[in-house]
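[1] sequence-free structure coming up:
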Ligand code: SF4
């Protein structure tokens, strides 16, 4: 299902966004399924629901641990083990069976939002202990077994936890990727659609990695000598690799400078300088990326630069997701 978003041109909304499908930890504002019968007091799922479709999961409940339950923890060893110190039960195998079955049955998704620090769901934030009765953790940078299963099998799909989602820089990167992922998944069933995808993402991909962007161009150029499924696989693999790390501020500015070239000749020198100053303010961290996008969007509409109006660099995801009160 898609929905429309401003801006409007001649009374018509010009931008549509797909609705990405994400897997989310059920304890994040959806169900009281934590070990102590609580849930995390975040409205993430409710706030994002208009824009994103969720598949909810609580791996610990799904392997039958119940609510409330005795806490479980990760134990270090040759292999990480998941144990419940109060009962002495080792639930590693049970969890692995669940992870395999969950991922085998999972249809296409565009990302994961999981609870940090959990021995099941945490991504690199979970405590690991030397033994079931150790008082202090060895460290706090491990990955829960459910999250590890995701990384092992679907590590190319965007993922984040609720703590990183509060960071505007990481959130922008995550939202950009999941909407791009959904767009690629839903709107590229032919070579022409894939070429259109590449065209509307051109400046955004330039901000990620210009060198890899050329590789994408070469993959598409092979369309006469290769079958579409092979082209799509090579294209999506390269795309996921090049977008896995957030673009640098310098690269983002380069992409904006490129866009600037499309209408700078229409600007009086004062206004030209104003835009250059805006880019400099963004470089110095005094203007947000969203504010810079808005400055450019106003020029794009003022000067009717249709090519730029379609570029995802300016509309990577619905503007409302930037509302500071949303999350
Ligand atoms: S962190 Fe994961 S396993 Fe723990 S309660 Fe939340 S959803 Fe369930």
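    That came through fine. The structure displayed is predicted, hence computed values, not measured ones. Numbers count the residues shown, from 1 in each chain.
[2] and residue 188, how many neighbours?
    19 (other C-beta atoms under 10 Å). In this view, the C-beta of every residue, glycine as well, is placed from N, C-alpha and C.
[3] and it, helix, strand or coil?
    With DSSP: H, G, I helix; E, B strand; the rest coil as the basis, the three-state label of residue 188 is coil.
[4] and it, how far is that from residue 236?
    According to C-beta to C-beta, to the nearest Å, residue 188 stands 8 Å off from residue 236.
[5] where does the stretch 51-200 of the chain have low pLDDT?
    For the stretch 51-200 of the chain, no stretch is flagged by pLDDT under 70.
[6] near the ligand, which residues of it are found?
    Residues of the stretch 51-200 of the chain lying close to the ligand by C-beta under 6 Å from any ligand atom are 58-61, 115, 118, 120-121.
[7] so can I have JSON lines of those residues showing secondary structure and distance to residue 35?
    As requested, these are exported to JSON lines (DSSP: H, G, I helix; E, B strand; the rest coil; distance: C-beta to C-beta, whole Å):
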{"residue": "58", "secondary structure": "coil", "distance to residue 35": "11"}
{"residue": "59", "secondary structure": "helix", "distance to residue 35": "12"}
{"residue": "60", "secondary structure": "helix", "distance to residue 35": "7"}
{"residue": "61", "secondary structure": "helix", "distance to residue 35": "10"}
{"residue": "115", "secondary structure": "coil", "distance to residue 35": "12"}
{"residue": "118", "secondary structure": "coil", "distance to residue 35": "9"}
{"residue": "120", "secondary structure": "coil", "distance to residue 35": "10"}
{"residue": "121", "secondary structure": "coil", "distance to residue 35": "12"}
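[8] can you put those in a markdown table and add distance to residue 275 and neighbour count?
    Shown next, in a markdown table, are those (distance: C-beta to C-beta, whole Å; neighbours: other C-beta atoms under 10 Å):
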| residue | distance to residue 275 | neighbour count |
| --- | --- | --- |
| 58 | 49 | 22 |
| 59 | 49 | 25 |
| 60 | 52 | 29 |
| 61 | 53 | 17 |
| 115 | 42 | 25 |
| 118 | 45 | 27 |
| 120 | 48 | 30 |
| 121 | 43 | 29 |
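[9] which residues do residue 188 and residue 236 both contact?
    Residues touching both residue 188 and residue 236 (C-beta atoms under 8 Å, 6 or more residues apart in numbering): there are none.
[10] and residue 324, how many neighbours?
    Using other C-beta under 10 Å, residue 324 is surrounded by 6 other residues.
[11] that's a helix at it, yeah?
    No: the assignment for residue 324, made by three-state DSSP, is coil rather than a helix.
[12] from residue 132, how far out is it?
    Distance, residue 324 to residue 132, by C-beta to C-beta: 43 Å.
[13] repeat for residue 215
    Note on residue 215: its distance to residue 132, by C-beta to C-beta, is 49 Å.
[14] how about residue 23?
    Distance from residue 23 to residue 132, counting by C-beta to C-beta: 29 Å.
[15] so for the two, which residue has more residues nearby?
    When neighbours are counted by other C-beta under 10 Å, residue 23 comes out ahead of the other of residue 23 and residue 132, with 23 against 17.
[16] wasn't the more buried one part of a strand?
    Yes: applying three-state DSSP, one finds residue 23 inside a strand.
[17] was I right to think it contacts residue 53?
    No: applying C-beta atoms under 8 Å as the test, residue 23 and residue 53 come out as separate, 10.4 Å apart.
[18] between the residues of the stretch 51-200 of the chain next to the ligand, which is closest to residue 106?
    Using C-beta to C-beta, the shortest approach to residue 106 within those belongs to residue 59, at 12.8 Å.
[19] residues contacting that closest one?
    Taking C-beta under 8 Å, 6+ apart, we find residue 59 in contact with 95, 98-99, 102, 120-121, 145-146.
[20] in a markdown table: these, plus secondary structure.
    Output for those, formatted as a markdown table (three-state DSSP):
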| residue | secondary structure |
| --- | --- |
| 95 | helix |
| 98 | helix |
| 99 | helix |
| 102 | helix |
| 120 | coil |
| 121 | coil |
| 145 | helix |
| 146 | helix |
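[21] contacting residues around the helix or strand encompassing residue 259?
    Per DSSP states H and E, residue 259 falls inside helix 249-260. With contacts defined as C-beta under 8 Å, 6+ apart, helix 249-260 is touched by 203-204, 206-210, 247, 275-276, 279, 282-283, 289, 292, 296, 300, 308, 311, 313-314.
[22] buried residues in that helix, which are they?
    Residues of helix 249-260 classed as buried: 249, 252-256, 258-260 (neighbour count, 16 or more other C-beta atoms under 10 Å).
[23] next, count neighbours for residue 293.
    Residue 293, neighbours per other C-beta under 10 Å, totals 19.
[24] surely it is in contact with residue 317?
    No: contact criterion C-beta under 8 Å: residue 293 and residue 317 do not qualify, at 10.9 Å.
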